[in-house]
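Trainee: Pasted the sequence and its predicted model underneath.
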Amino acid sequence: MSRLFDYLYIFATIGFTVYGQLILKWRIAKFGPLPADFLEKLKFLILLLFDPAIFSGFAAAFLASLAWMAAMTKFDLSHAYPFMSLNFVIVLLLSGWLLDEPVTLQKTLGIALIVLGTVVAARG
C-alpha cells in the first residue's frame, strides 16, 4: 500500500502541470494576441503576470515541482519520468473538451503511441 501511495507524488506532479498549462492557455486567450510593439508587449506580459488565474498556473507549476521532488525520493528517474508523458495525453484531451481545440486523428494516434511507450517504459 505504501508503494501505491508513493505514486501519488507522480500523479500530483501531472495534475498540477496539466492544470497550469490549461489555465494559462485559457486565460491568455482571453487577453488576445501579443502586441508587436516592444513597450505594448511588455505591458501585456505584465498584465498577464498579475492575472489571478495565470498566477494560479504559476503556483501550480511550483507545487508540481515540489511533488516531483518528493517523487524523486521514492523512485528512480528512469521509472518515474515516463509518466510525465501522460501530460501530453491529458492536455490534449482536456484542451479538446474545455478549450474546443481540435483533436485530430494524427494527434490521437500520436497519443496512443505515447501511452504505449509509457506502459513499456514503466514496466522496464
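Mentor: That came in fine, so what should we check first?

Trainee: Quick one: list the elements packing against the helix ranked longest in the chain.
Mentor: Criterion DSSP state H: the longest helix present in the chain is helix 2-31. With contacts defined as 3 or more Cβ pairs under 8 Å, 6 or more residues apart in numbering; DSSP states H and E, helix 2-31 has these neighbours: helix 38-49, helix 52-72, helix 86-98. Glycine gets a C-beta too; all of them are placed from N, C-alpha and C.

Trainee: Number of residues surrounding I90?
Mentor: As a burial measure, I90 scores 17 neighbours (other Cβ atoms under 10 Å).

Trainee: nearest residue to it other than its sequence neighbours?
Mentor: V18 (4.8 Å; Cβ to Cβ, 6 or more residues apart in numbering).

Trainee: List the contacts of that neighbour.
Mentor: N87, I90, V91, L94 (Cβ atoms under 8 Å, 6 or more residues apart in numbering).

Trainee: Might you list the low-confidence residue ranges for this structure?
Mentor: 1, 124 (pLDDT under 70).

Trainee: change it to 90
Mentor: 1-4, 78-79, 82-83, 85, 114-124 (pLDDT under 90).
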